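Engineer: I'd like to go over a predicted model; first the sequence, then the structure.
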Amino acid sequence: MAAAEKPFRSVLYVPASNPKALAKAGSLACDAVILDLEDAVAPGDKQAARANLKDWFGRRPVGSPTAIVRVNALATEWGADDLALARTLEPDGILLPKVDTPRDLLEAGDLLDEEAVPERVKLWAMVETPRGLLNLGAIAELGRDPAARLAGLVAGTNDLVKETGVLATPDRRYLVPWLMQIVLSARAGGLVALDGVMNDFRAAALFELECAEAAAMGFDGKTLIHPAQIGPANAAFSPSETAVAEARRIVEAFALAENAGKGVIVLDDRMVERLHLAQAQRLLARAAAAPATDRSEKDP
Ligand SMILES: CC(C)(COP(=O)(O)OP(=O)(O)OC[C@H]1O[C@@H](n2cnc3c(N)ncnc32)[C@H](O)[C@@H]1OP(=O)(O)O)[C@@H](O)C(=O)NCCC(=O)NCCSC(=O)C[C@H](O)C(=O)O
Ligand SMILES: [Mg+2]
């Protein structure tokens with residue numbers, strides 16, 4: 001499946017320096033894991049984290065979640081070694097933090113191409129700096145060029161708060177304009193859009209609300225920090241039964257002989273156009289791509 005066709009409802013950060021968390025990562029019911037070499041790993045643990053990652057990929061169980069490795073930025077003292085390792089592991093994706101400009105992604109892409117890393121290894125960009133936000137249009141434009149490998153944008157709300165001084169309120173009111181900008185840019189570039197993390201991982205009700213809002217904003221999924229957040233994220237970003245039933249009715253209505261060739265039909269006293277048919281077909285494809293997983297849905 002291409003990156004855009006895979007589900008990315010629940011994407012869990014797993015610190016590569018934490019063997020216990022890594023041991024769990026392959027069997028959790030999240031759609032993807034971000035195996036982190038960056039901010040979750042203390043400077044003194046970077047080397048050990050790389051070794052853990054190598055070991056993890058050596059034993060990666062069949063059917064495990066999509067695996068994305070987050071490297072340190074190439075400009076840091078760890079970036080080059082991280083990327084060199086990621087190139088050999090050939091994960092499903094490599095997540096670049098603190099992307100400021102398209103150049104950051106092009107440089108990383110060149111390093112993958114140099115080593116003939118297969119095209120299925122995609123790049124993902126964290127949007128978490130003021131420059132990254134201001135350059136979002138140009139960054140997302142890379143999504144239109146398959147050679148650039150860009151698969152998705154990931155909101156880094158913790159760094160955005162740190163870098164801008166914006167107040168982090170529970171309703172995220174000051175972050176929402178930037179989050180919407182990320183969704184809009186992702187759509188323009190044909191990219192997956194992932195919402196940022198919620199740090200209060202025990203606040204279940206608030207998390208459900210944040211997921212519902214992110215889904216309403218148009219995000220494909222949410223990045224997570226704790227396994228307890230997986231189930232609610234999967235539920236929030238899966239099409240509801242009502243939405244699936246409604247989509248099926250639209251598809252069936254357009255399939256009727258009497259509606260063949262029509263641009264507009266009436267269904268339940270509502271105008272339904274072919275653009276709604278396309279929307280319905282997309283929703284059904286999303287529902288089919290995100291079936292109930294047979295990995296454990298239980299909280300740890
Ligand atoms: C936040 C945590 C430090 C909490 O850990 P802990 O106190 O161990 O939680 P629990 O005791 O409830 O854990 C229960 C079991 O679940 C495992 N566990 C916990 N978290 C994970 C995880 N992320 N992946 C896999 N497994 C996990 C524990 O090992 C326990 O297992 P067991 O003992 O066998 O039952 C911790 O959750 C954590 O470290 N989370 C990830 C933190 C992280 O990655 N942060 C960086 C990414 S966020 C970010 O940087 C976003 C962005 O860049 C931005 O700027 O916003
Ligand atoms: Mg960050």
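Structural biologist: That came in fine, so what should we check first? Ligands and ions are numbered 1, 2, ... in the order given.

Engineer: Pro15 bridge partners, please.
Structural biologist: Per DSSP bridges, the residues bridged to Pro15 are Asp36.

Engineer: what number of residues are in the vicinity of it?
Structural biologist: Pro15 sits with 23 neighbouring residues when counted by other Cβ atoms under 10 Å. For the C-beta atoms, the positions are set from N, CA and C on the backbone; glycine is no exception.

Engineer: what does Ala278 give?
Structural biologist: 11.

Engineer: then the one 10 residues further on?
Structural biologist: As a burial measure, the neighbour count of Ala288 was computed by other Cβ under 10 Å and equals 12.

Engineer: confirm it sits in a helix?
Structural biologist: Yes - under DSSP: H, G, I helix; E, B strand; the rest coil, Ala288 sits within a helix.

Engineer: show me what contacts it?
Structural biologist: The contact partners of Ala288, by Cβ atoms under 8 Å, 6 or more residues apart in numbering, come to none.

Engineer: gap between it and Arg282?
Structural biologist: In this view, Ala288 and Arg282 are 11 Å apart by Cβ to Cβ, to the nearest Å.

Engineer: need the distance between the two termini of stretch 162-181.
Structural biologist: 19 Å (Cα to Cα, to the nearest Å).

Engineer: ligand 1 contacts on the protein?
Structural biologist: 12-15, 20-21, 24-25, 36, 39-40, 126, 128, 156-159, 196-197, 201, 225-227, 300 (Cβ under 6 Å from any ligand atom).

Engineer: all strands for the stretch 151-300 of the chain, in order.
Structural biologist: 192-195, 221-224, 264-267, 270-273 (DSSP state E, counting those that start in this stretch).

Engineer: listing partners with orientation, what would you give for the last one?
Structural biologist: This means strand 270-273. In the sheet, strand 270-273 lines up with strand 264-267 (antiparallel) (DSSP bridges).
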